[in-house]
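> sequence and predicted structure, then a few things I'm wondering about:
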2 protein chains.
Amino acid sequence: MDDLFDDLDRSSPVPLYFQVARQIEQAIEVGKLPPGSRLDNEIHLADRLGLSRPTMRRAIQQLVDKGLLVRKRGVGTQVVHGQVTRPVELTSLHDDLAAKGQQPTTKVLVHEVVPAPGEVAASLTVPEGSPVLHLRRLRFSADEPLAVLENWLPEPFTDLTASSLAERGLYQLLRSRGVGMRVARQRIGARRATAEECSLLDETRGSPLLTMERATHDDSGRAVEWGRHVYRASRYAFEVTLVDR
Amino acid sequence: MDDLFDDLDRSSPVPLYFQVARQIEQAIEVGKLPPGSRLDNEIHLADRLGLSRPTMRRAIQQLVDKGLLVRKRGVGTQVVHGQVTRPVELTSLHDDLAAKGQQPTTKVLVHEVVPAPGEVAASLTVPEGSPVLHLRRLRFSADEPLAVLENWLPEPFTDLTASSLAERGLYQLLRSRGVGMRVARQRIGARRATAEECSLLDETRGSPLLTMERATHDDSGRAVEWGRHVYRASRYAFEVTLVDR
DNA sequence: CATGTCGATTTGTCTTGACATATGCTTGAC
DNA sequence: GTCAAGCATATGTCAAGACAAATCGACATG
């Protein structure tokens, strides 16, 4: 119980509250903090680590936001019951698959710069008719078709090459160009597959597909990407964690 | 620009950071702060309102978490581009429909206390075979069938009556009993409707349905509810906002 | 003209200290 | 024995100040 924490590295560029949060998270993962167990109170913990209470609070808050801990005033902080959970983050399908050890591959079906149609222009908040990069990609996981990804990107991202998109994920490419993606709004629904989608995805006629529309904004508030994706329902599902504060 | 803020009520039980966040949010809604506009820096704002900087920061952070604002070090805080957004919260279908002005109605199909089957027991973290309330409800919106909701609840919630469930939503009933729901983990997928679901939901054979599994935990970390819901894809979709921090 | 350096600006991180308030247990009165 | 008051405990809210680090524009230098 006492050796829950390694020493902190105050010279590291990683913030202290983040280091602490990661250590608590690991303690939960390896079972040192079983579900339902209570943490020491904030002041004790802060003392033991030589931190101020706000910093300690921030570390705990980060895990509360992730859905790993719950707090109740006058009582304390406890580990949430329930099985292992991968918290939802601002990731892409490519990221998710790579993290799971699968090796996603991509086939670029459409790669063209076109004048923005009305709906796309509205979602990206660019003038109608301004040049946008239109992408349509087929994503495989373990050599099985998984999803059809259709995206539109405004200036200055219209110069992404088809070959780079075949090699790496869209989010990866954007991040390596210094784009700081911050907010994404998604709408998740379902519908039947069209005949074309069936042949692309190796599904039978009328199979149910999971659909997602997503608009992603960067740290300046500008739209970076708008997309309409369809996933094989037989092989994919979304996981979301909601936290009330 | 100067009269962005009403006076704050320091005697109110509503926290100051919350009052400030609400006022900024309203300023965005009514267009006083158009998309892309920059806020004053934190120190000025805090000064003008007679607040400390941490309190001001917390107000802003709340809106960043909601996806309304983005911050960039060395630059400032800006309003996100894009259309109006309903933030995601820990709500139920009944809440959502009621908030939209629709009047949800419910028909209780199954209402029984049974020994917890294995899968249910695992999700609720109760012993297998312990008594749980098994519910199956048909939810209507504007007299149209919308979803089939199947839920299991552990002690001490097995005494909810069928008549109260026909009148009010499950989350409403739990809240009125003092249950503080904090964390919910959802898994969203899709599949074809079964023959029985078709007749209940007035859909044609093999129609695509949106599926959701959800486990809800209270502020003590205990499981409150586990459910498996199906929605008519033709009439419902999930909206999610993701924020990277 | 290109490049790099410097400085002003703004958010990010961290500390110390204080008081408020919800919770649950203990204690005491009836 | 039951119920209420009170107390200890823990998180929630708020303040004031300090330094770090990223960004961007202006200016100087090659």
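Cool, the structure landed. All of these numbers come straight from a predicted model, not from anything done at the bench. Numbers count the residues shown, from 1 in each chain, chains lettered A, B, ... in the order given.
> pLDDT below threshold where in chain A?
For chain A, the stretches with pLDDT under 70 are A:1-4, A:82-91, A:97-101.
> can you show me the strands along it?
A:69-72, A:76-79, A:104-115, A:131-141, A:144-154, A:181-192, A:208-218, A:223-232, A:238-243 (DSSP state E).
> list the contacts of the second one.
The one in question is strand A:76-79. Counting by Cβ atoms under 8 Å, 6 or more residues apart in numbering or on different chains, the neighbours of strand A:76-79 from elsewhere in the structure are A:28, A:33-39, A:41-42, A:60, A:64, A:68-72, B:220-221. Backbone N, C-alpha and C define where each C-beta goes, glycine included.
> ok, the fifth one next?
By Cβ under 8 Å, 6+ apart, the residues outside strand A:144-154 that reach it are A:93, A:104, A:109-110, A:116, A:120, A:123-124, A:126, A:130, A:132-140, A:160, A:170, A:197, A:200-202, A:223-232, A:235-236.
> buried members of the residues you listed into ChimeraX, please.
This is the ChimeraX syntax for the buried subset of the contacts of strand A:144-154, where burial follows 16 or more other Cβ atoms under 10 Å in any protein chain shown:
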select /A:93,104,116,120,123,124,126,132,133,134,135,136,137,138,139,140,160,170,197,200,201,223,224,225,226,227,228,229,230,231,232,235,236
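> surely residue A:210 touches residue A:238?
Yes - contact criterion Cβ atoms under 8 Å: residue A:210 and residue A:238 qualify, at 7.3 Å.
> and the residue in chain A that DNA strand D sits nearest to, its phi and psi?
Per Cβ to the nearest atom of the strand, residue A:41 is where chain A lies closest to DNA strand D, at 3.2 Å. Phi and psi for residue A:41, reported as degrees, to the nearest 10, are phi -70, psi 160.
> which residues touch it?
Applying Cβ under 8 Å, 6+ apart, the residues near residue A:41 are A:76, A:77.
> I'd like to know how far the closest residue to residue A:125 other than its chain neighbours sits from residue B:67.
Among residues not flanking residue A:125 along the chain, residue B:81 sits closest, at 4.6 Å (Cβ to Cβ, 6 or more residues apart in numbering or on different chains). Shown here: residue B:81 relative to residue B:67, a distance of 11 Å by Cβ to Cβ, to the nearest Å.
> coming back round to it: what is the burial count for the residue nearest to residue A:125?
Look at residue B:81: counted by other Cβ atoms under 10 Å in any protein chain shown, it has 20 neighbours.
> so who does it touch?
Contacts of residue B:81 by Cβ under 8 Å, 6+ apart are A:125, A:217, A:221, A:222, A:223, B:35, B:36.
> residue A:198 now?
A:204, A:205, A:207.
> was I right to think the second one contacts residue A:195?
Just to be clear, that refers to residue A:205. Yes - between residue A:205 and residue A:195 there is a contact at 7.0 Å, judged by Cβ under 8 Å.
> count of neighbours near the residue in chain A that DNA strand C sits nearest to?
Among the residues of chain A, residue A:74 lies closest to DNA strand C, at 2.4 Å counting by Cβ to the nearest atom of the strand. Neighbour count of residue A:74, defined by other Cβ under 10 Å: 4.
> buried residues, stretch A:112-131. List them.
By 16+ other Cβ under 10 Å, the buried positions in stretch A:112-131 come out as A:116, A:120, A:121, A:123, A:124, A:125, A:126.
> with distance to residue B:174 as added columns, please give these in TSV.
Converted to TSV, the buried residues of stretch A:112-131 look like this (distance: Cβ to Cβ, whole Å):
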residue	distance to residue B:174
A:116	46
A:120	42
A:121	44
A:123	37
A:124	41
A:125	40
A:126	45
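> touching DNA strand D at all, stretch A:71-78?
Yes - under the criterion of Cβ under 7 Å from any atom of the strand, DNA strand D is reached by stretch A:71-78 at A:71, A:72, A:73, A:74, A:75, A:76, A:77.
> and the two most separated of those?
A:74 and A:77 (11.7 Å; Cβ to Cβ).
> leaving out chain neighbours, which residue sits closest to residue A:62?
Counting by Cβ to Cβ, 6+ apart, residue A:62 lies nearest to residue A:21, which is 4.4 Å off, once chain neighbours are set aside.
> so who does the one you found touch?
By Cβ under 8 Å, 6+ apart, the neighbours of residue A:21 are A:59, A:60, A:62, A:63.
> let's see it at 7 Å
Residues in contact with residue A:21, defined by Cβ atoms under 7 Å, 6 or more residues apart in numbering or on different chains, are A:59, A:62, A:63.
> burial of residue A:199, as a residue count?
Around residue A:199 there are 12 residues (other Cβ under 10 Å).
> can you name the residues of chain A sitting close to DNA strand C?
Neighbours of DNA strand C within chain A, by Cβ under 7 Å from any atom of the strand: A:15-18, A:50-55, A:58, A:72-75.
> these, buried ones only, as a ChimeraX selection?
This is the ChimeraX syntax for the buried subset of these, where burial follows 16+ other Cβ under 10 Å:
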select /A:16,17,51,58
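> narrow the residues of chain A next to DNA strand C to those in helices?
Cross-referencing the residues of chain A next to DNA strand C against helices under DSSP state H gives A:16, A:17, A:18, A:53, A:54, A:55, A:58.
> same list (those residues) but as JSON lines, adding distance to residue A:190.
As requested, those are arranged in JSON lines below (distance: Cβ to Cβ, whole Å):
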{"residue": "A:16", "distance to residue A:190": "44"}
{"residue": "A:17", "distance to residue A:190": "40"}
{"residue": "A:18", "distance to residue A:190": "37"}
{"residue": "A:53", "distance to residue A:190": "47"}
{"residue": "A:54", "distance to residue A:190": "44"}
{"residue": "A:55", "distance to residue A:190": "44"}
{"residue": "A:58", "distance to residue A:190": "39"}
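> closest one of those residues to chain B?
residue A:54 (7.9 Å; Cβ to the nearest Cβ).
> partner residues bridging the residue lying closest to residue A:39 once chain neighbours are set aside?
Nearest non-adjacent residue to residue A:39, counting by Cβ to Cβ, 6+ apart: residue A:77, 4.4 Å away. Judged by DSSP bridges, the bridge partners of residue A:77 are residue A:71.
> what number of residues lie near residue A:77?
Count around residue A:77 with other Cβ under 10 Å applied: 20.
> okay, the residue nearest to residue A:142 when sequence neighbours are not counted and residue A:197: tell me how far apart.
The shortest distance from residue A:142 to any non-neighbouring residue, by Cβ to Cβ, 6+ apart, is to residue A:102 (5.6 Å). Residue A:102 is 22 Å from residue A:197, where distance means Cβ to Cβ.
> residues of chain A that sit close to DNA strand D?
Chain A comes close to DNA strand D at residues A:13, A:39, A:41-43, A:53-54, A:57, A:71-77, as judged by Cβ under 7 Å from any atom of the strand.
> what two of the ones in helices among the residues of chain A next to DNA strand C are the furthest from one another?
Every pair of these checked by Cβ to Cβ; the farthest is A:18 and A:53, at 16.7 Å.
> export stretch A:47-62 to PDB, keeping only CA atoms.
Included here for stretch A:47-62 are C-alpha records, laid out as PDB according to Å, rounded to 0.1, in the frame of the first residue of the first chain:
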ATOM      1  CA  ASP A  47       1.800  15.000   1.400                       C
ATOM      2  CA  ARG A  48       3.200  11.500   0.700                       C
ATOM      3  CA  LEU A  49       4.300  12.600  -2.800                       C
ATOM      4  CA  GLY A  50       5.400  16.000  -1.800                       C
ATOM      5  CA  LEU A  51       2.800  17.700  -4.000                       C
ATOM      6  CA  SER A  52       0.300  20.400  -3.400                       C
ATOM      7  CA  ARG A  53      -3.400  19.400  -3.100                       C
ATOM      8  CA  PRO A  54      -4.500  21.000  -6.400                       C
ATOM      9  CA  THR A  55      -1.900  19.000  -8.300                       C
ATOM     10  CA  MET A  56      -3.100  15.800  -6.600                       C
ATOM     11  CA  ARG A  57      -6.700  16.700  -7.300                       C
ATOM     12  CA  ARG A  58      -5.900  17.300 -10.900                       C
ATOM     13  CA  ALA A  59      -4.400  13.800 -11.200                       C
ATOM     14  CA  ILE A  60      -7.400  12.200  -9.600                       C
ATOM     15  CA  GLN A  61      -9.800  14.300 -11.700                       C
ATOM     16  CA  GLN A  62      -8.100  13.000 -14.900                       C
END
